[in-house]
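Asks: Sequence first, then the predicted structure, then my questions.
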Amino acid sequence: MYTQLEQRDMAEPPINVSTLRRMKADGEKIACLTAYDASYAALIDAARADVVLVGDSLGMVIQGHDTTVPVTVDHVIYHCKAVARGLRHAFLLADMPFMSYTSNDQALTNAVRLMQDGGAMMIKLEGGEGQVGIVEHLARHDIPVCAHLGLKPQSVHKIGGFRVQGRAPDKAREMVAAAKRLQDAGADVVLLECVPNEVGEAVTNKLEAPVIGIGAGPQVDGQILVLYDILGITRGRLPRFVRNFQQGLDSPLAAVEAYVAAVRSGEYPAPEHCFS
Ligand code: KIV
């Protein structure tokens, strides 16, 4: 009945936000992947990844859209429920989709839905200085938050494409400052997408909160990739930071295990996956 208390005594208790903080403090790399259904979630769990994200990338890899913009809260909840059923050990993070956090009230209502209906343990929103108030509001209500900085795919039409962010020194400084402001407002984790190594390193050194990178270099506290990219399923031109872990291996489980091992050892990302 008291599952949380029983799990605390297990040899390998499930990952929670304290585990992620402890891993950063110990210099142990955090291995994260996206998932969208129960079968792959169970496989990722068996491979001992630490965090599973139900990302709004589902709009692209599951629904076949060009961007994440068409994804709704209902879509994320549907996939989150399925993923939650597949997990025993990994920490479940879910994306707040486009325009689902434009005000404090709307953000809180949708975050609560992702947690209560979807089973998420933390929500992720794309933000900068403009989202500090929203993060503060969610944190005041004890909603665990991951703040996504750098390339923000929900802003693709505003930015004019999926491109590296924070290359100019003033933009890099702004990003480091925004990450600190978001952490101080209550963000428990920061995710950095598509930034030069130097920005990944600066943000990681500045924050006590764990920093997870995707195309943010080797110095961040953990790595995340889209599941279908590492399995070699995604077709067409892939981002520089993607590595196909399925190549030369005979099962998806072996590929995910190879990814987890490469993140833990620091073998991934290699220089060819990074921006500088
Ligand atoms: O939606 C997603 O899958 C993400 C990752 C790319 C980090 O946000």
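Replies: Right, received. Where do you want to start? Numbers count the residues shown, from 1 in each chain.

Asks: near the ligand, which residues of the stretch 1-150 of the chain show up?
Replies: 34, 53, 55-57, 95 (C-beta under 6 Å from any ligand atom). The C-beta positions use only the backbone N, C-alpha and C, and glycine is treated the same way.

Asks: Mind checking which of the residues you listed are buried?
Replies: Neighbour counting by 16 or more other C-beta atoms under 10 Å classes 34, 53, 55-57, 95 among these as buried.

Asks: Report the buried residues of stretch 250-268.
Replies: For stretch 250-268, by 16+ other C-beta under 10 Å, it's 252, 255-260, 262-264, 268.

Asks: circling back: now render the buried ones among the residues of the stretch 1-150 of the chain next to the ligand as TSV, adding secondary structure and pLDDT.
Replies: Shown next, in TSV, are these (DSSP: H, G, I helix; E, B strand; the rest coil; pLDDT from 0 to 100):
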residue	secondary structure	pLDDT
Thr34	strand	98
Leu53	strand	98
Gly55	coil	98
Asp56	coil	98
Ser57	coil	98
Asp95	strand	98
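
Asks: Run a quick neighbour tally on Tyr78.
Replies: Number of residues near Tyr78 (other C-beta atoms under 10 Å) recorded here: 15.

Asks: Apologies, that question was intended for Ala216.
Replies: Neighbourhood size, Ala216 [other C-beta under 10 Å]: 32.

Asks: what about the closest residue to it other than its chain neighbours, which SS state?
Replies: Spatial nearest neighbour of Ala216, excluding adjacent residues (C-beta to C-beta, 6 or more residues apart in numbering): Gly200 at 3.6 Å. Secondary structure, DSSP: H, G, I helix; E, B strand; the rest coil: Gly200 is helix.

Asks: Gly200 reaches Gly217, doesn't it?
Replies: Yes - look at Gly200 against Gly217 with C-beta atoms under 8 Å: they come within range, at 3.9 Å.
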